[in-house]
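**Q** I'd like to go over a predicted model; first the sequence, then the structure.
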Amino acid sequence: MTRPRSCALALLLALACLARDVAATQVVDDAGRRVTAPGRGARVITLAPSLTELVYAVGAGDSVVGTVSRSDYPAAARALPRIGDFERFDIERIVALKPDLVLAWNHGNPGRELAQLEAAGLTLYYLEPKRLDEVPLALERVGDLLGRETEGRRRAAALRTEIDELRRRHATAPPVTVFYQAWASPLMTLNGRQIVSDVIALCGGRNVFADLPQLVPQLSVEAVVVADPEAMLTAREDSGGGIGPVRDPAAAAFARWQPQRRLVAVRRGWLYTLPGDAITRQGPRIVDGARAVCQALDEVRSERAARR
């Protein structure tokens, strides 16, 4: 091969490798945009506690230079600089921290302030796993963004295995009708397109309000009475009950249901509080929330069978 042809071939190979590497650094976010991955050593700001947990889960916690007020897990996250809460940010503080990447909650963060961050020249990556099976994928995507591909895939595979095991174990379980109380006043629940509803279904439960069109519908007490769920579930703020369910008909969150003795759940005491952060955050601890839900529904099944 002549020298010119050899040089040309080497150049073509180099360009092909460069194109491949550039393509590999492009990660699509939940807004459908291609974002260039900053890789290892990037300075990252997270705008939701679940996003903080995802970053730490892939081994990139040392890259986080700022986060929101409620980011408290793992313990190391409590020492991070605060840039506001998920609804209101200190834009100047964020810009001053010079992040290479801002991980944003696609529908939970205020759009106006996200637009301000983009106008300031910051790179935003929108991430919001809405369904249970999207959480492992989120781990892979965060790993790809931050140069932790191996750890992201390892953690994603482990999480998929845990989810699949719960799904397999409850695939033939007798169904339990469930009301998930997302908020006590005003009374609100979640429909079937939300991650908590996926968890309920995983455990063999049936969300009695799954078919409502709104993602977070507001309800009347009468609507719940008509639905007559066998189990009532809600998240608790404190961690006094650990990561398991707490059967607590007298919980303040269930106070309005105490007079409703017509409800099966009230008559039989099948009212449970769940570990709030595990069940509501769209991060790797969702599997702990799922185990808590499954444990509660298994108890309902056991007691229901004993009464027959």
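**A** Looks like it arrived, so ask away.
**Q** could you pull out the strands for the stretch 1-150 of the chain?
**A** Taking DSSP state E, counting those that start in this stretch as the test, the strands found in the stretch 1-150 of the chain are 26-28, 34-36, 44-46, 64-66, 84-85, 88-89, 101-104, 124-126.
**Q** could you pull up the mean pLDDT of the third one?
**A** Along strand 44-46, the predicted confidence averages to a pLDDT of 98.
**Q** point out the most buried one among the strands of the stretch 1-150 of the chain.
**A** strand 44-46 (a mean of 29; mean count of other C-beta atoms under 10 Å). To be clear about C-beta, it is placed using only N, CA and C from the backbone, and glycine gets the same treatment.
**Q** contact partners of stretch 99-108?
**A** 29-31, 35, 38, 42-48, 50-51, 54-55, 65-66, 86, 94, 114, 117, 122-128, 142, 145-146 (C-beta atoms under 8 Å, 6 or more residues apart in numbering).
**Q** let's see 6 Å
**A** Here stretch 99-108 makes contact (C-beta atoms under 6 Å, 6 or more residues apart in numbering) with 30, 38, 42-48, 51, 86, 114, 117, 122-128.
**Q** can you say which of those residues are buried?
**A** 30, 38, 42, 44-48, 51, 86, 114, 117, 122, 124-128 (16 or more other C-beta atoms under 10 Å).
**Q** list the contacts of the closest residue to Ala251 other than its chain neighbours.
**A** Leaving aside its sequence neighbours, Ala251 sits nearest to Thr273 (C-beta to C-beta, 6 or more residues apart in numbering; 5.5 Å). Going by C-beta under 6 Å, 6+ apart, Thr273 touches 234, 236, 246, 248, 251.
**Q** pLDDT score assigned to the second one?
**A** The pLDDT attached to Arg236 in the predicted structure is 93.
**Q** and it, how far from Pro245?
**A** Arg236 sits 10 Å away from Pro245, taking C-beta to C-beta, to the nearest Å as the criterion.
**Q** have a look at these two and say which one is more surrounded.
**A** Pro245 (25 against 20; other C-beta atoms under 10 Å).
**Q** per-residue pLDDT of the residue lying closest to the more buried one once chain neighbours are set aside, please?
**A** Closest residue to Pro245 apart from its sequence neighbours, by C-beta to C-beta, 6+ apart: Ala296 at 4.0 Å. Looking at Ala296, its pLDDT is 98.
**Q** for the nearest residue to Met188 once chain neighbours are set aside, give me the pLDDT.
**A** Closest residue in space to Met188, ignoring its immediate chain neighbours: Ala182 at 4.7 Å, by C-beta to C-beta, 6+ apart. The per-residue pLDDT reported for Ala182 equals 96.
**Q** check contacts around Ala182.
**A** 188-190.
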